[in-house]
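Engineer: How does the following fold in three dimensions:
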Amino acid sequence: MNEYIIKRVNGEPNWAEVPTLEVGNIMWLPDVGIRMNQQICYDETGIYVHQRCVEANIRAEYTAPLSRVCEDSCMEFFFSIDEDGTRYVNLEINPNGCMHASLCTHRHNTIRLAPDPVGTFQLRSSRTDDGWEHYYKIPVNFLQLLNPDFHLTSGRIIRANCYKCGDLTVQPHYLTWNFVTTENPDYHTPKDFGKMILE
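Structural biologist: A predicted model of the protein is given here:
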């Protein structure tokens, strides 16, 4: 099981000082050269996320919230909001900054959330020379709407996984941070989440 230390920061992060995790498990399909990494840090107000990928043939069709952005070029972050890992938040984002957000216990038990990605998460997406990236912040007061007992405290363990996919891209692909044990593509497997530990 992978582990990642979520660094504590004071306000807006200096990303050059935040450790990077590699979303490096090539799953279910042959390697097509797409790569992804992610950085995560936090302060008392929320969790900051930076996701970046190397991807030549980008698909970005969806613009409406809660669309099936997993069919586009897509980067995803799933993380538990309960101490026992029972429920998890599923965030999926395409290069347009279109977000699918839901609260889940497994693939067939999900509640769609409809936050305004820019207003709620300060989401910023952009193209790079070799792919695309985005930055966003998950406010703690948003997470406390889902679990009033959720707090960002040193030593807390958050079960989580990070993913890259693109079901309808020119080069379909699946990448994960923590290895997924299913025979067929499925990211809704909290038993396969790794550990993220708040510094």
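
Engineer: Correct me if wrong: N161 contacts Y187.
Structural biologist: Yes: judged on C-beta atoms under 8 Å, N161 makes contact with Y187 at a distance of 7.0 Å. In this view, the C-beta of every residue, glycine as well, is placed from N, C-alpha and C.

Engineer: quick one: which of these two has more around it?
Structural biologist: N161 (26 against 21; other C-beta atoms under 10 Å).

Engineer: Tell me who's in contact with that one.
Structural biologist: Residues counted as contacts of N161 (C-beta atoms under 8 Å, 6 or more residues apart in numbering) are 78-79, 176-178, 180, 187, 192-194.

Engineer: out of those residues, which are buried?
Structural biologist: Neighbour counting with 16 or more other C-beta atoms under 10 Å marks 78-79, 176-178, 180, 187, 192-194 as buried within those.

Engineer: I'd like those residues as TSV, with distance to R68 appended.
Structural biologist: Compiled in TSV, the buried ones among the contacts of N161 are given as follows (distance: C-beta to C-beta, whole Å):
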residue	distance to R68
F78	16
F79	21
T176	19
W177	22
N178	24
V180	20
Y187	13
D192	22
F193	23
G194	26
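
Engineer: next helix or strand past the host helix or strand of N90?
Structural biologist: N90 belongs to strand 88-93 when elements are defined using DSSP states H and E. Next helix or strand after strand 88-93 toward the C-terminus (DSSP H and E): strand 99-106.

Engineer: same for whichever helix or strand comes after that following strand, what does it pack against?
Structural biologist: As assigned by DSSP H and E, the chain's next helix or strand after strand 99-106 is strand 109-113. Strand 109-113 is packed against strand 99-106, with contacts defined by 3 or more C-beta pairs under 8 Å, 6 or more residues apart in numbering; DSSP states H and E.

Engineer: Can you give the contact residues for the helix ranked longest in the chain?
Structural biologist: For the chain, the longest helix by residue count, based on DSSP state H, is helix 140-146. By C-beta under 8 Å, 6+ apart, the surrounding residues in contact with helix 140-146 are 44-47, 81, 87, 89, 103, 115, 120, 150-152.

Engineer: could you pull out the strands for this structure?
Structural biologist: Along the chain, counting by DSSP state E, strands occupy 3-8, 20-22, 25-26, 35-43, 46-54, 74-80, 88-93, 99-106, 109-113, 124-127, 131-139, 157-165, 174-176, 194-198.
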